[in-house]
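Novice: this is the structure alone, sequence omitted:
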């Protein structure tokens, strides 16, 4: 089966699932989807090996959702992921794929309410996306009577191995029905994963997608800048002032963040517009047309809104927040460096995200270089040099002599020149604090302190665990400190169509000290009077993965236990899908629990 002759329509997917695919603007499946989807639809167990950026979630999501019995009011599909952040993201994607069918998903992970999660399952969830620790707890304690999913997916199996979850996985499968379809997806196939596959799969079919080259385009220069959380806006503006990109995309997590940041960029003189799913179609088309024709130079967008956008001359991609995972990173930066042109991808990273950034670089097989945000003084000096060059190289206008003659009647040449230059500089003078972000020495010190502080917290091995969610993780999904800015939902979450609800169960919503400074750190005031970031999360797309508060959960503290030790993630504001955490460093009030069946 050749990928270039295959479409999603040719698979025989459920019409409502196909509708979600078409609405997302995709017509051609990726290689892993071409190979895996027909095998899954035929009822085979499969072992699929594919690198990040290949669309693995849709490869199992499309066929499994198509095979769900929509009239059967019980869990039919179980997806197990290594981290709660990935569980949340996969759940979002499956919801997006199945929303026209009325498919409801519940996200299960440690540190959130048992009763809420169980209650949502009992109310008719078809799909559970869970982390190993919490899933095993529920099964061992008899909390899920009659639990017998007909399809089970292990996602990122090699990550589960790295994090010490294989024993949990094997035990989970002792509680599952023997008559089931099992799908195992992994980027690598070490021997322990092969042995696991031989135990839990029955005569599996094998799918292996070998990347032709590196996961990312070698024509893309990849950079990251380490900043404090409260400096995101200043850093974004400073980099735009310093680099003067010809045409760029800035990726944000939420529609609200898109609106706020695009407004702020316009307020300081940048030709920017926002693009997200809540905009009317004619508005979207107008913005895209203006971006293609270079009437606007900066497109601020969510991942979902930018899907299907094919603009060949994008010089820069900015990640206003670090992408959730390597696959999201690959999809984002792939917008530049096209058609043989060079491109630049820039990611803003807080100290607590530093290891996650390094991990992304390792996973995508590319070196992502650390740079220092230029000082205001340096940017101003460079601006002056550029303006001088522009003046030297400017073509003379036929009316320039006439205008000069008029001005000479009242001023001498030096006054004319100074006033013209002053007027020019008024429109081109960078603003903001002189220093932004952390230099290399400070970064090394901060990272070392974080490792020393959190290295022994909880967990079967303690210390830093390089999972895809980043940060410092103890045993199981609920233990230890999770140093990640990716979004997760407090109460597990319930996604349906007519009865969809928030993924949080209320509770404390505070600042995110892991993403840049302590909760009590004073935020330096801006001089431009423009509101700061308060980003919460991101809409997600079913074809690309994407990915907290230090307040203890109800179990208390940073214990290494399975379900009570995670720091409580922020509440997720609702849009078309749940969103990720706030990025501002300010303290937010405790929010009331939301209706789990609120209609989107």
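Specialist: Thanks, I have the structure now. Predicted, not measured: the structure shown is a model, and the values here were computed from it.
Novice: so residue 340: helix, strand or coil?
Specialist: Assigned state for residue 340: coil (three-state reduction, DSSP: H, G, I helix; E, B strand; the rest coil).
Novice: surely it is in contact with residue 218?
Specialist: No: applying CB atoms under 8 Å, one finds residue 340 not in contact with residue 218, separated by 11.4 Å. To be clear about C-beta, it is placed using only N, CA and C from the backbone, and glycine gets the same treatment.
Novice: those two - which one has more neighbours?
Specialist: Neighbours per residue (other CB atoms under 10 Å) separate residue 340 from residue 218, with residue 218 holding more: 10 against 7.
Novice: quick check, the more buried one in a strand?
Specialist: No: according to three-state DSSP, residue 218 belongs to no strand; its state is coil.
Novice: any idea how far it is from residue 365?
Specialist: 10 Å (CB to CB, to the nearest Å).
Novice: before we move on, what about residue 376?
Specialist: According to CB to CB, residue 376 stands 36 Å off from residue 365.
Novice: check residue 177 too.
Specialist: 39 Å.
Novice: which one of these two is surrounded by more residues?
Specialist: The residue with more neighbours, out of residue 177 and residue 365, is residue 365; 14 against 11, by other CB under 10 Å.
Novice: so what does that one look like in phi/psi?
Specialist: The phi and psi values for residue 365, taken as degrees, to the nearest 10, are phi 70, psi 30.
Novice: before we move on, what about the one 4 residues further on?
Specialist: Residue 369 adopts backbone torsions of phi -90, psi 140, taken as degrees, to the nearest 10.
Novice: mind listing the residues bridging to it?
Specialist: residue 223 (DSSP bridges).
Novice: right, and it touches residue 220 too?
Specialist: No: the criterion here is CB under 8 Å, and residue 369 misses it with residue 220 at 11.7 Å.
Novice: next, the buried residues of stretch 26-35.
Specialist: Neighbour counts over stretch 26-35 (16 or more other CB atoms under 10 Å) mark 26, 29, 30, 31, 32, 33, 34, 35 as buried.
Novice: rebuild those as a markdown table, extending it with pLDDT and distance to residue 85.
Specialist: Shown next, in a markdown table, are those (pLDDT from 0 to 100; distance: CB to CB, whole Å):
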| residue | pLDDT | distance to residue 85 |
| --- | --- | --- |
| 26 | 73 | 24 |
| 29 | 91 | 26 |
| 30 | 87 | 23 |
| 31 | 91 | 26 |
| 32 | 92 | 22 |
| 33 | 94 | 23 |
| 34 | 95 | 28 |
| 35 | 95 | 27 |
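Novice: farthest-separated two in those?
Specialist: 26 and 35 (16.7 Å; CB to CB).
Novice: so where's this protein uncertain?
Specialist: The model of the chain has pLDDT under 70 over residues 1-4, 25, 51-53, 210-216, 307-308, 339, 426-431, 450-600.
Novice: okay, now the domains of it?
Specialist: Following automatic domain parsing, the chain resolves into domains at 3-209, 214-266+309-393+426-488+500-600.
Novice: please pick out the residue of the protein most distant from its centre.
Specialist: Distance from the C-alpha centroid of the chain, by CA atoms, centre = their mean, peaks at residue 409 (60.7 Å).
Novice: measure that one to residue 402 for me?
Specialist: 12 Å.
Novice: do residue 274 as well
Specialist: Taking CB to CB as the measure, residue 274 and residue 402 are separated by 42 Å.
Novice: repeat for residue 201
Specialist: The gap separating residue 201 from residue 402 is 83 Å, by CB to CB.
Novice: out of those two, which sits in the busier spot?
Specialist: Each of residue 201 and residue 402 has its neighbours counted (other CB under 10 Å); residue 201 has more, 21 against 10.
Novice: dump the residue contacts of that one.
Specialist: 45, 46, 47, 182, 184 (CB atoms under 8 Å, 6 or more residues apart in numbering).
Novice: what's around residue 282, how many residues?
Specialist: 8.
Novice: any idea how far it lies from residue 106?
Specialist: From residue 282 to residue 106 the distance is 37 Å (CB to CB).
Novice: before we move on, what about residue 234?
Specialist: 40 Å.
Novice: who has more neighbours out of the two?
Specialist: It is residue 106, of residue 234 and residue 106, that has more neighbours when counted by other CB under 10 Å, with 29 against 24.
Novice: so that one sits in a strand?
Specialist: Yes: membership of residue 106 in a strand is supported by three-state DSSP.
Novice: so what's it bridging to?
Specialist: On the basis of DSSP bridges, residue 106 is bridged to residue 128, residue 494.
Novice: do I have it right that it meets residue 122?
Specialist: No: if you go by CB under 8 Å, residue 106 and residue 122 don't touch, sitting 9.8 Å apart.
Novice: ok, back up a step: now, which of the buried residues of stretch 26-35 sits nearest residue 255?
Specialist: residue 26 (20.9 Å).
Novice: ok, the closest one to residue 9 distance?
Specialist: From residue 26 to residue 9 the distance is 11 Å (CB to CB).
Novice: repeat for residue 252
Specialist: Per CB to CB, residue 252 is found 32 Å from residue 9.
Novice: who's more crowded, those two?
Specialist: Using other CB under 10 Å as the criterion, residue 252 and residue 9 rank with residue 252 on top: 29 against 11.
Novice: thought that one was touching residue 300?
Specialist: Yes: at 6.2 Å, residue 252 and residue 300 qualify as touching, with contact defined as CB under 8 Å.
Novice: any shared contact partners between these two?
Specialist: Jointly contacting residue 252 and residue 300 under the rule CB under 8 Å, 6+ apart are 258, 261.
Novice: number of residues surrounding residue 72?
Specialist: Around residue 72 there are 11 residues (other CB under 10 Å).
Novice: mind listing what it touches?
Specialist: Going by CB under 8 Å, 6+ apart, residue 72 touches residue 126.
Novice: from residue 379, how far out is the residue lying closest to residue 433 once chain neighbours are set aside?
Specialist: In space, residue 433 comes closest to residue 234 once its chain neighbours are excluded; the distance is 6.2 Å by CB to CB, 6 or more residues apart in numbering. For residue 234, the distance to residue 379 equals 12 Å [CB to CB].
Novice: contact partners for the closest residue in space to residue 13 that isn't next to it in sequence?
Specialist: Excluding the flanking residues, the one nearest residue 13 by CB to CB, 6+ apart is residue 66, at 4.7 Å. Counting by CB under 8 Å, 6+ apart, residue 66 touches 13, 14, 17, 41.
Novice: quick one, strands of the stretch 151-300 of the chain?
Specialist: For the stretch 151-300 of the chain, the strands defined by DSSP state E, counting those that start in this stretch occupy 151-154, 181-186, 205-209, 220-226, 248-251, 272-275, 298-301.
Novice: give the buried residues for the longest one.
Specialist: By that I understand strand 220-226. In strand 220-226, counting by 16+ other CB under 10 Å, buried: 220, 221, 222, 223, 224, 225, 226.
Novice: what of the third one?
Specialist: Applying a neighbour-count criterion of 16+ other CB under 10 Å, one finds 205, 207, 209 buried in strand 205-209.
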